[in-house]
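give me the fold of what follows.
(chains A and B, ligands or ions: 2)
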Amino acid sequence: MPLETESRAQIRALIADLRPDHGDLLAALHRVQHEYGFLSREAMEVVGEQLHLFAAQVFGAASYYEEFRFDPPAAVDIRWCSGPACRARNGGGIRDAMLATLAVPMDGQTADGRVGIRLGQCIGTCELAPQIWIEERATHTNEVVGNLNAAQAVRLARALRDGATAREVLGQDVLRG
Amino acid sequence: MVSANPTGSPLERYEAMTAAAAPVYAAWRTPERPRIDVAIDTSSLANGARATRDAITAVVAQTNAAVDLGQNHGYGMQWLQPLVTVTFPDGASVVYGPITAAEATTIVDIATGRVPATSTLAVGTIAGERAGIPSLREHPFFALEPATGRRLIHRLGFTDPENMQHYLATGGYHAAARMLDRHQSPAQVRQELIDSALGGRGGGNFPAGTKWNFLATAPGDEHYVICNADEGDPGAWVNRVIMEGDPHLLVEGLLIAAYATGSRGGFIYIRDEYPLAIARMEQAVREAEAAGLLGDGILGTGVNLELRVIRGAGAYVCGEETGLISSIQDSRGMPRVKPPFPAGSGVFFKPSNVNNVETYANAPMVIEHGAQWYIEYGTERMRGTRLFSFSGDIQRVGFMEVPFGVPLAGVIDACGGMLPGQQLKAIQSGGPLGSMLPAREVPNLSMENAPFSALDALMGGGGIVFLGDQVCTIHMAEMFAQFVEEESCGRCTTCHGGNQRQTEIIRRTIAGDGRREDRHNLALVDRTLQFSNCVHGQFSPKIVRNTLRFFSDEYERHSSGRTCDALECEGLIQFRVTNQRDPQLAEAQAICPTAAIVGAPGNRSVNDALCIRCGACTDVAPNALVREAKPATPRILALS
Ligand SMILES: Cc1cc2nc3c(=O)[nH]c(=O)nc-3n(C[C@H](O)[C@H](O)[C@H](O)COP(=O)(O)O)c2cc1C
Ligand code: FES
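Ligands and ions are numbered 1, 2, ... in the order given. You can find the predicted model right below:
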């Protein structure tokens, strides 16, 4: 077993009550990601030790899911709704406008780690289509911004890119331009 | 918190709990002081309910108003969120919406009686009467709901979903308690389910009682009940409504299923995108345990059930039952070949039963009221009522509970028809593995499986999206093709390879490079996909197939004519400056994320190579630029 370091002990404490062969892997990964923002190699090793799985099995399972990530997340993520009601109202244009503004691909983030953009799935708030969510890591904020158009999407992405906080862009002024 | 009663028969223990809950609920229904309930659910929160609640709380504090605050779940009218309900001391409850923070003072004044309850914000009464305010049931949105009232979601608006006493006081857990009191044997419970013809609500309509029989008669005594709350179809959110609106109903449904199938363990697998549903279900499970309705020796009997909530992590095929099982079991959630079915080998390789949230949630009322009562609504083939969520380019986006078999045309009317200036073009149902049907089929469609199947379509799990005539169906088909490609688990080459091919062809077509042989190749891919091992691969070409069949002209115009009438497909459209003098043109130039609008004032133009067709320019300067069909360029065959 690798040397127990402080950081490993911390991860272990987070999942101490979880058991092997008990359907606990998803819960373990969620807890780690909630705490650290992503799944480090070290974290996956500790999860494997706790649940009696090889790290490869942990990574194999984790990498199957859209939600788990293996690199530190951006400070703010724009989650773009890919659902049909949003798509029917230029959702695709909104996506392309934001990707161009941030100069990143889908699921990428700006070089300074400030803003990322991620694929989102419909949560059934289609009355607000087309929409995105703003997710801020530090505050665990998750706010829907609905009835968006491409121009507003550009303003919002520019503001975040240039250093605005989630709270600032959620104030409607940014959207009005 | 409801605590367990240590003595008595199951029914006596249950009645002791309800006796304690009844006065609490009565005081909530007919409060001493007016109470304002802000709907707290995913829809209301997205619409700003938190700000509404904070503003109302502040106004109440500042004005020292004699009102109380509470919460409920929205009634289904999502286009009017945030919804707020005011309950007066005489028991009358009036629903108002949309109530933003700006209306906080008005709502508090209405509650205190300073201003009359009749306000332009009043939507209707759900209990009691108020002169000048119609009953909410008379709203055209609910025209198709059962005349005798809602059945499955009758608590919505009438309880606080986070208060177990409200559930108990409104008849909750009675069906389970009576059943445990030896009123019904497990076999009788299963027979009642079979007699009710309750079909699986995940889309397949497989008889739930029959499936429960498979598990009950499976070998061994370690059986599991599994609730599929993965609800991955975009546009479907009916499972979410049950879990957020009446979480104990699902717990009770699972308890009934566990008793009927001899299961001592259960899982509720909820998609990651539903944090509020996860929180409310976790709370409901904890409360039911504390009350002795879950855990060991339920209501003093020898019946045990340990229920666990599992949080998914964003994988569509984990909604397929064997994928879901493997996801619970510490592994990649890949569907596998059936048989064995879950009743033969399920979670931890033990016999299991997988049903949808809504399937389990129907069980308490079947057991409470009996199969005969249950089948009063619905059609010969599909009994009862079901929840549907309606979205897209309609006036009223929301959910309702309707008997199976109501006409689709009636649904469109209930939803207020299409948005101004739009005509219905397509109906998208059944999610990404479902279908896309043209408006002309509306007269042939009713809300049950058969008329959809007759058109090679799928009604599916409850989500219906109405698309207006500004939508390009080829563009939509591309979206779904990409979805099924990305969500393929990768086990079958037919599926992951076939879906890549399908997406490439459609994508090339919308880029303006359709080829004559595409139709033939799509048909080949379609046939190949049908040889995939699970339904994901088998059904993944359905939407494209529907599109080629029902929107054949539109497809041909894209492929051979190279035109997109809806002006959506990137390769077939362009943006052009039409008014150099429009003052907003400068703004358009500034907003363009790719700096595609070039040139000095008076001489601006769109650089087509830079333009990504996002539409930001026409958003800010609708009269200075147009989105238009790209002029046909003569296609020169290069001779190499
Ligand atoms: C790719 C795929 C995704 C599915 N997703 C769901 C889902 O999100 N919810 C659901 O209840 N059933 C889903 N199903 C159907 C399930 O496999 C299963 O048939 C269903 O949960 C059985 O429950 P029912 O009989 O109560 O409908 C899906 C099937 C496939 C092939
Ligand atoms: S399609 Fe975007 S919220 Fe439903």
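
spit out the contact partners of the residue most central in space within chain A.
With distances taken as CA atoms, centre = their mean, A:D77 lies nearest the centre of chain A, 6.0 Å away. Contacts for A:D77 were tallied using CB atoms under 8 Å, 6 or more residues apart in numbering or on different chains; they are A:109, A:115-118, A:134-135, A:137. (Glycine included, C-beta is placed from N, CA and C.)

list the helices and strands the helix or strand containing B:R50 packs on?
Assessed by DSSP states H and E, B:R50 sits inside helix B:49-63. Counting contacts by 3 or more CB pairs under 8 Å, 6 or more residues apart in numbering or on different chains; DSSP states H and E, helix B:49-63 is packed against strand B:35-39, strand B:68-72, helix B:104-112.

who's the residue nearest to the centre of chain A bridged to?
A:G116, A:E135 (DSSP bridges).

residues near B:T493, how many?
12 (other CB atoms under 10 Å in any protein chain shown).

would you mind measuring from it to B:G333?
B:T493 is 19 Å from B:G333, where distance means CB to CB, to the nearest Å.

let me see the domain layout of the chain.
Using chain A here. Residue ranges for the domains of chain A, per automatic domain parsing: A:6-62, A:76-176.

the chain in question should be chain B.
B:31-138, B:164-374, B:385-471, B:491-559, B:573-629.

CSV for the ones you listed, including distance to A:G60 and mean pLDDT?
Formatted as CSV, the domains of chain B follow (distance: least, CB to CB, whole Å; pLDDT from 0 to 100):
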stretch, distance to A:G60, mean pLDDT
domain B:31-138, 32, 97
domain B:164-374, 6, 97
domain B:385-471, 25, 98
domain B:491-559, 13, 97
domain B:573-629, 37, 98
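
picking up where we left off before, can you list the neighbours in contact with the helix holding B:R50?
Contact with helix B:49-63 is made by B:36, B:38-41, B:65, B:67, B:69, B:71, B:81-82, B:84, B:99-105, B:107-108, as judged by CB under 8 Å, 6+ apart.

what's the answer for stretch B:507-518, then?
Residues contacting stretch B:507-518 (CB under 8 Å, 6+ apart): B:472, B:474-475, B:478, B:481-482, B:505, B:555, B:558-560, B:562, B:564, B:569-572, B:630.

find the closest residue to chain B in chain A.
Closest residue of chain A to chain B, CB to the nearest CB: A:G124 (2.4 Å).

quick one, phi psi at that residue?
phi 80, psi 30 (degrees, to the nearest 10).

ok, and the closest non-adjacent residue to it?
Spatial nearest neighbour of A:G124, excluding adjacent residues (CB to CB, 6 or more residues apart in numbering or on different chains): B:W237 at 2.4 Å.

skipping adjacent residues, who's closest to A:P84 in space?
Nearest to A:P84 is B:V465, by CB to CB, 6+ apart, at 4.7 Å.

near ligand 1 at all, the helix or strand in which the one you found is found?
In this assignment (DSSP H and E), B:V465 forms part of strand B:463-468. No: shown here: strand B:463-468 not in contact with ligand 1 (CB under 6 Å from any ligand atom), separated by at least 10.5 Å.

thinking again about what came up before, separation between the residue nearest to the centre of chain A and A:Q109?
From A:D77 to A:Q109 the distance is 8 Å (CB to CB).

mutual contacts of these two, please.
Common neighbours of A:D77 and A:Q109 (CB under 8 Å, 6+ apart) are A:115-117.

turn the residues you listed into a markdown table, including pLDDT.
Shown next, in a markdown table, are the shared contacts of A:D77 and A:Q109 (pLDDT from 0 to 100):
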| residue | pLDDT |
| --- | --- |
| A:V115 | 98 |
| A:G116 | 98 |
| A:I117 | 98 |
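
can you select the buried ones from these in ChimeraX?
Here is the ChimeraX selection string for the buried members of the shared contacts of A:D77 and A:Q109, based on 16 or more other CB atoms under 10 Å in any protein chain shown:
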select /A:115,116,117
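
closest to B:E376 among the shared contacts of A:D77 and A:Q109?
A:I117 (50.0 Å; CB to CB).

now that closest one, nearest residue through space, not along the chain?
For A:I117, ignoring the flanking residues on the chain, the nearest one in space by CB to CB, 6+ apart is A:I78 at 4.6 Å.

same check on B:C318?
Using CB to CB, 6+ apart, the closest residue to B:C318 is B:G333 (3.9 Å).

same deal with B:S9?
Nearest non-adjacent residue to B:S9, counting by CB to CB, 6+ apart: B:D181, 5.9 Å away.

where does chain A get nearest to ligand 2, residue-wise?
Per CB to the nearest ligand atom, A:G83 is where chain A lies closest to ligand 2, at 2.4 Å.

run a quick neighbour tally on that residue.
27.

same deal with B:R576?
Here the number of neighbours of B:R576 (other CB under 10 Å) works out to 13.

give the contact list for it.
B:605-606, B:625-626, B:628 are the contacts of B:R576 under CB under 8 Å, 6+ apart.

for the closest residue to ligand 2 within the stretch 101-250 of chain B, give its distance to B:A131.
Closest residue of the stretch 101-250 of chain B to ligand 2, CB to the nearest ligand atom: B:P234 (5.4 Å). B:P234 sits 43 Å away from B:A131, going by CB to CB.

ok, those two, which is more surrounded?
B:P234 (29 against 7).

most packed of the helices and strands packed on helix B:49-63?
For the helices and strands packed on helix B:49-63, the largest average neighbour count (mean count of other CB atoms under 10 Å in any protein chain shown) is found in strand B:35-39, namely a mean of 25.

who does that strand pair up with?
By DSSP bridges, strand B:35-39 pairs with strand B:68-72 (parallel), strand B:84-87 (antiparallel).

which ones among the contacts of A:D77 also lie next to ligand 1?
Of the contacts of A:D77, not one also sits near ligand 1 (CB under 6 Å from any ligand atom).

distance to ligand 2 for these - can I get that in a markdown table?
Listed next are these as a markdown table, based on distance: CB to the nearest ligand atom, whole Å:
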| residue | distance to ligand 2 |
| --- | --- |
| A:Q109 | 22 |
| A:V115 | 21 |
| A:G116 | 19 |
| A:I117 | 15 |
| A:R118 | 14 |
| A:I134 | 14 |
| A:E135 | 15 |
| A:R137 | 22 |
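
closest to B:A315 out of these?
Nearest member of these to B:A315, counting by CB to CB, is A:R118, at 14.8 Å.

am I right that the closest one falls within a helix?
No: looking at A:R118 with DSSP: H, G, I helix; E, B strand; the rest coil, it is strand, so not inside a helix.

surely it touches A:W80?
Yes: using CB atoms under 8 Å, A:R118 is in contact with A:W80, at 7.1 Å.

who touches both of these two?
By CB under 8 Å, 6+ apart, the residues touching both A:R118 and A:W80 are A:M106.

how far away is B:G171 from chain A?
In this view, B:G171 and chain A are 27 Å apart by CB to the nearest CB, to the nearest Å.

and the residue lying closest to that residue once chain neighbours are set aside, how many neighbours?
Leaving aside its sequence neighbours, B:G171 sits nearest to B:E368 (CB to CB, 6+ apart; 7.1 Å). Using other CB under 10 Å, B:E368 has 18 neighbouring residues.

contacts only, for B:E368.
By CB under 8 Å, 6+ apart, the residues touching B:E368 are B:171, B:174-175, B:178.

so B:V354 is in which element?
Going by DSSP H and E, B:V354 is part of strand B:352-356.

let me see the confidence value for B:A638.
Looking at B:A638, its pLDDT stands at 47.

tell me the residues of chain A that contact ligand 2?
Close to ligand 2, as judged by CB under 6 Å from any ligand atom, chain A has residues A:81, A:83-86, A:122-123, A:125-126, A:129, A:131.
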